[in-house]
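> Next comes the sequence, and after it the predicted model I'd like to discuss.
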Amino acid sequence: MSSNTRLDPVPSFVHSTERYFALAVCAEMQFLDLPFIERVRHIAREGFMVEIWDWTRHDLKRLAATGAMFSSMTGYVRGTLADRDGASEMVRTAMQSIHAAKELGVPRLNLHGTGLGPDGLPVLPCMGPATGAMWMTARDTLCRLADLGAKHDVMFVLENLNAQVDHPGVPFGRAEDCLSLVQSVDHPALRLMLDLYHAQIGEGNLIALIEKALPFIGEIQVADVPGRCEPGTGEINYRAVARALQRLDYRGVIGLESWAADGSSERALQRFAASFELDEIDP
């Protein structure tokens, strides 16, 4: 589809203003043949919040002018959690991200165990299990970031990443590890960005994981396995996940961070919305 091709309308349920869950779509991964600003506009027109990644690559004034509601973006420019020099750089550049977040109205700033390069690979991979010193430094860094978030009224969220397929060598990638760090800090300005795609690859048992992590979840991200495409294209039963989230009274954001399975982002958004539309999944 060229950038001049008319976008097919999304079914009316996507536009519902009475969704139980707030839904967001990652503009970095959908409508890839459109200029980035047009991706954001289209996602917003269809009634979704918008996720972005590295804000330094985008024109913040033009993004703000779209009127889109943004769910999250990367919360640092450089740095790492678990070594002193890298931690100082993460905290320093997190302040830059806070200023950018204020310009766009972004409430959640995403963190990882280490910076990710352009291909999604860790810039400082961990060659073995994290040491006790690394755990202590990571916790101290997260405490500093939580205090910074509270001071500036934003939430930092620590995302789990899988090391088996997408991010080999990433430290503190497992959901259990991220949850342990967030729980140990126990600060309302620090929560878990629970990515169920990464968790399925790394750990599985998603509903039990959600139940355990629920008090500390800041946002949930979804994609199916294998392939990292939209719900309904792989092995994860996202209808069961939605029922569990309803039972647990989760009212936060669910973000689609996936590629379009057959190249159609319109269809990807339809499948995503249908997976979390309660009229569609209620027994």
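Arrived safely, thanks for sending.
> what distance separates the start and the end of stretch 39-52?
Length of stretch 39-52, first residue to last, Cα to Cα, to the nearest Å: 11 Å.
> next one: stretch 143-163
Termini of stretch 143-163 sit 25 Å apart (Cα to Cα).
> Flag every buried residue along it.
144-146, 148-149, 154-163 (16 or more other Cβ atoms under 10 Å). Placement of C-beta: from N, CA and C, glycine included.
> quick check: mean pLDDT across stretch 225-234?
The average pLDDT within stretch 225-234 is 98.
> how about that stretch as PDB, C-alpha atoms only?
In PDB, the C-alpha atoms belonging to stretch 225-234 read as follows (Å, rounded to 0.1, in the frame of the first residue of the first chain):
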ATOM      1  CA  VAL A 225       3.900 -15.800  19.400                       C
ATOM      2  CA  PRO A 226       5.600 -16.700  17.100                       C
ATOM      3  CA  GLY A 227       6.200 -13.700  14.800                       C
ATOM      4  CA  ARG A 228       5.300 -10.800  17.100                       C
ATOM      5  CA  CYS A 229       2.100 -10.000  15.100                       C
ATOM      6  CA  GLU A 230      -1.300  -9.000  16.400                       C
ATOM      7  CA  PRO A 231      -3.400 -11.100  18.800                       C
ATOM      8  CA  GLY A 232      -5.300 -13.900  17.000                       C
ATOM      9  CA  THR A 233      -2.400 -14.900  14.800                       C
ATOM     10  CA  GLY A 234      -0.400 -17.200  17.100                       C
END
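> from now on call the first residue 36
Sure thing, new numbering starts at 36, so read that last one as stretch 260-269.
> now what about that stretch, what contacts it?
Residues outside stretch 260-269 that contact it (Cβ atoms under 8 Å, 6 or more residues apart in numbering) are 201, 232, 235-236, 257-259, 270-271, 273, 291, 293-296, 302-304, 306-307, 309-311.
> Strands of this protein, start to end?
Assigned by DSSP state E, the chain shows strands spanning 57-61, 84-86, 105-109, 143-146, 190-194, 225-230, 252-257, 288-291.
> List the neighbouring strands of the fifth one plus their orientation.
Think strand 190-194. strand 143-146 (parallel), strand 225-230 (parallel) (DSSP bridges).
> Tabulate those strands in JSON lines, adding columns for mean neighbour count, distance to residue 59 and mean pLDDT.
Below are the strands paired with strand 190-194 laid out as JSON lines (neighbours: other Cβ atoms under 10 Å; distance: least, Cβ to Cβ, whole Å; pLDDT from 0 to 100):
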{"stretch": "strand 143-146", "mean neighbour count": "24", "distance to residue 59": "10", "mean pLDDT": "98"}
{"stretch": "strand 225-230", "mean neighbour count": "26", "distance to residue 59": "12", "mean pLDDT": "98"}
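> Tell me which of those sits nearest to residue 242.
Comparing the strands paired with strand 190-194 by their distance to residue 242 (Cβ to Cβ), the top pick is strand 225-230, with 11.9 Å.
> which residues in the stretch 136-285 of the chain form helices?
167-187, 210-220, 231-237, 241-248, 273-282 (DSSP state H, counting those that start in this stretch).
> which of the ones you listed sits most buried?
Compared across those, helix 231-237 shows the largest average neighbour count, a mean of 24 (mean count of other Cβ atoms under 10 Å).
> Contacts for it, please.
So helix 231-237 is contacted by 194-201, 208-210, 241, 244, 255-260, 263, 270-271, 276, 292-293 (Cβ under 8 Å, 6+ apart).
> Quick one: mean pLDDT for it?
pLDDT averaged over helix 231-237 gives 97.
> With just CA atoms, put it into CSV.
Only the C-alpha atoms of helix 231-237 are listed here, as CSV (Å, rounded to 0.1, in the frame of the first residue of the first chain):
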residue,chain,number,x,y,z
LEU,A,231,3.0,-10.5,27.3
TYR,A,232,4.8,-11.3,24.0
HIS,A,233,8.2,-11.3,25.7
ALA,A,234,6.8,-13.1,28.7
GLN,A,235,5.3,-15.9,26.6
ILE,A,236,8.7,-16.6,25.0
GLY,A,237,10.7,-16.3,28.2
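> Next up, the contacts around the residue nearest the centre of the chain.
Nearest to the mean C-alpha position of the chain, by Cα atoms, centre = their mean, lies residue 256 at 4.9 Å. Contact partners of residue 256, counting by Cβ under 8 Å, 6+ apart, are 194, 228-232, 289-292.
> Pull the distance from stretch 172-182 to the chain's centre.
Chain-centre distance of stretch 172-182: 20 Å, with Cα atoms, centre = their mean, to the nearest Å.
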